Every structure is written in C-alpha cells, then in structure tokens.
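**Student:** the sequence isn't on hand, but the structure is:
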C-alpha cells in the first residue's frame, strides 16, 4: 500500500487568490491523480498528474485554473487559481502503484473560499 | 464511457440489521470493481475489491460479488453496527483508456443503536 499526505489539511481563502496543495507519497508510484469532492457529492477527477510532462485534464477542467506539477514519482502539487466561492471543496490526491489495481487516497484538503 | 450508479441514500438502519447497497456499472471490457468507505471527517479507505467475474470481495463483514451478467457489485453486510455509519462509494477501474477510478454518487449509511 501507499501512504499519502497532503498539505494543508484545510484553508480559508479570499476570492481571487490562489492556493497550492502539496501531495507526498511514501513510495514511488506510477500514477497520481487529483480529485474534487464538492459538499455532499461524489468524487470528480480533475486530472492525471504526469511525471515530467503536462497533466492530462478531464472535461471541464483547464490548466489555467488548476495547474498541476509532478516533478518526480512521489510528489505532486495542485494549484487552485483565481478562486471563487464555487471552488470550495475537498481536494484529494490519489496514487496508484504499477501492477496494482488499487488506488490510495490522501486525507484531502478542505478549501473554503469567501 | 465508464459509469457507476448507486442507490440513493441516506440509508437508515437499526443496529444488527441486514445491509444492501446496490451498485451497477457500465464499462467496456472487464473492469475491476471496488467499494470505498468514507467515515465522518476522514479520507477514503478501500473496503473491498473484485477483479474478475464471480469474484467475491470481503472485509470487516462486508461482501460484494462481481456479477458480469447483471453488471452489478452490490455491497452487503449481515449485521451492521453503529460504527459502520459512513458514506460508501462504489467505483470501477476500466482496463482501457482512462486509468483513474470512476466513482458512483455515494450512499450515506446511518446506523441507529
């Protein structure tokens, strides 16, 4: 299994600002993902973080709003840019190791935008 | 594309009652199927999984059987406890295309003493 940590665990931000969320995995993984979970909702995939190249975004999510970095096999960041109250959600980092079918999740970052 | 449909919640049961949470899926090929649980204020934890037809995943008294003929993966437990109160998510991982999990909408379970 993989243990995933995220920072910050929660934050309250002002409209128009940006927040960068960090995700650290305790072992090398082949795939990392970022999800959003809006209040009372299910998980929606934002993008797949690709090591050494641009992330692959799902429909409805764009790089300018959610820039993602993945400089190595254990670390990724997600930035939520120019935030509005509609961005208030829990953002979850997830990882999958090569050859394993399981996906592991971080504890999430609870973001509130005022 | 892939999709997962779960029964609407919330589901409210008395302690020791029998639980079923329905899950059906649409996918090409032979996906792997999962149940995740999210306890209040916590992150997602893998509860159980099944990777091929007729497999039964089990953990902590919960079970689910991969039924290809009905494209279902219903979650069951014979006797629920108050500590089982949580949100349960059914998910699939297709073996082609997107490699990330696709989730159902989640079902909130509330068990009363």
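**Tutor:** Sure thing, it's come through. If you're wondering where the values come from, they're calculated on a predicted model, not measured in any experiment.

**Student:** can you list the weak-confidence ranges in chain A?
**Tutor:** Low-confidence segments of chain A (pLDDT under 70): A:98-100.

**Student:** residues from it in reach of chain B?
**Tutor:** Residues of chain A found near chain B (Cβ under 8 Å from any Cβ of the partner chain) are A:31, A:33, A:41-43, A:45, A:48, A:92, A:94, A:96, A:101-108. The C-beta positions use only the backbone N, C-alpha and C, and glycine is treated the same way.

**Student:** can you flag the buried ones in those?
**Tutor:** A:31, A:33, A:42-43, A:45, A:48, A:92, A:94, A:96, A:101, A:103-108 (16 or more other Cβ atoms under 10 Å in any protein chain shown).

**Student:** ends of stretch A:79-91, how far apart?
**Tutor:** End-to-end span of stretch A:79-91 (Cα to Cα, to the nearest Å): 10 Å.

**Student:** same question for that stretch: list its buried residues.
**Tutor:** Under the neighbour-count criterion of 16+ other Cβ under 10 Å, stretch A:79-91 has A:80-81, A:83, A:87-91 buried.

**Student:** which one of those residues is nearest to residue B:77?
**Tutor:** The shortest approach to residue B:77 among the buried residues of stretch A:79-91 belongs to residue A:90, at 26.2 Å (Cβ to Cβ).

**Student:** report the beta-bridge partner residues of residue 4.
**Tutor:** By default, I'm working from chain A. residue A:25 (DSSP bridges).

**Student:** think we crossed wires, I meant chain B
**Tutor:** residue B:25.

**Student:** enumerate every residue touching it.
**Tutor:** Neighbouring residues of residue B:4 by Cβ atoms under 8 Å, 6 or more residues apart in numbering or on different chains: B:23-26, B:90-92, B:102-104.

**Student:** got a markdown table for those residues, with neighbour count too?
**Tutor:** Output for the contacts of residue B:4, formatted as a markdown table (neighbours: other Cβ atoms under 10 Å in any protein chain shown):
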| residue | neighbour count |
| --- | --- |
| B:23 | 25 |
| B:24 | 17 |
| B:25 | 21 |
| B:26 | 13 |
| B:90 | 30 |
| B:91 | 27 |
| B:92 | 22 |
| B:102 | 22 |
| B:103 | 23 |
| B:104 | 25 |
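
**Student:** pipe those into TSV and attach pLDDT per row.
**Tutor:** Below are those laid out as TSV (pLDDT from 0 to 100):
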residue	pLDDT
B:23	97
B:24	97
B:25	95
B:26	93
B:90	97
B:91	95
B:92	93
B:102	91
B:103	94
B:104	94
